[in-house]
Each structure stands twice: as C-alpha cells, then as structure tokens.
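1. coords below, sequence missing:
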C-alpha cells in the first residue's frame, strides 16, 4: 500500500469511528429545533419587511 492509500484508509477508518460516537438528536428534538428555526426566520422576515415598508413610506413622504 502506498503512503497516500494508507492515509486515506486511516482517515476513513477514523471518520467511521467518530461517527459511531455521535449522539444523534431524537425525532422530537429535530422537529422542535426545526420549528424554532422556522419561527425565527419568519420573525426576522417580518421585521425586515416592516423596516422596508417604513423606509419606503418615509422616502415617499420625503420625495413628494
């Protein structure tokens, strides 16, 4: 085996061992975290939309 093949084999073996140690979230945790991300995204979108509306309104008043 060449040095490059040996390094690749070691990397893949170590990666597999690390994946065995991972504590994966439960289905419920995944759903909860997804809902939190969606909620925060909607909140930020609403905030930015409100700022856009406000600045558009202010600029229209200023220009007229």
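-> That came through, no problem. Not measured: the values here are computed from a predicted model. Residues are numbered from 1 along each chain as shown.

2. which helix or strand in the protein has the lowest average pLDDT?
-> One helix or strand of the chain scores below all others by mean pLDDT, DSSP states H and E: helix 3-21, with a mean of 91.

3. quick one: pLDDT of the one residue sitting closest to the centre of the chain?
-> Against the mean C-alpha coordinate of the chain, by CA atoms, centre = their mean, the closest residue is residue 37 at 8.1 Å. Turning to residue 37, the model gives it a pLDDT of 99.

4. ok, it to residue 51 distance?
-> Separation of residue 37 from residue 51 (CB to CB, to the nearest Å): 21 Å. For every residue, glycine as well, the C-beta is placed using N, CA and C.

5. circling back to that earlier point, what's the first helix or strand after the least confident helix or strand of the chain?
-> Counting by DSSP states H and E, the next helix or strand C-terminal to helix 3-21 is helix 27-63.

6. buried set for that next one?
-> By 16 or more other CB atoms under 10 Å, helix 27-63 has no buried positions at all.

7. helices or strands up against that helix?
-> The contact analysis (3 or more CB pairs under 8 Å, 6 or more residues apart in numbering; DSSP states H and E) places helix 27-63 against no helix or strand.

8. chain center to it, what's the gap?
-> Chain-centre distance of helix 27-63: 16 Å, with CA atoms, centre = their mean, to the nearest Å.

9. again, but for stretch 17-36
-> For stretch 17-36, the distance to the chain centre is 14 Å (CA atoms, centre = their mean).

10. measure that stretch end to end?
-> In stretch 17-36, first residue to last residue: 31 Å (CA to CA, to the nearest Å).

11. any idea how far residue 4 is from residue 16?
-> Relative to residue 4, and taking CB to CB, residue 16 is found at 19 Å.

12. typo on my end, residue 32
-> Taken as CB to CB, the span from residue 32 to residue 4 is 44 Å.

13. got it, and residue 52?
-> 54 Å.

14. residue 21 too?
-> For residue 21, the distance to residue 4 equals 26 Å [CB to CB].

15. with residue 42 instead?
-> Residue 42 is 49 Å from residue 4, where distance means CB to CB.

16. do residue 48 as well
-> In terms of CB to CB, residue 48 sits 49 Å off from residue 4.
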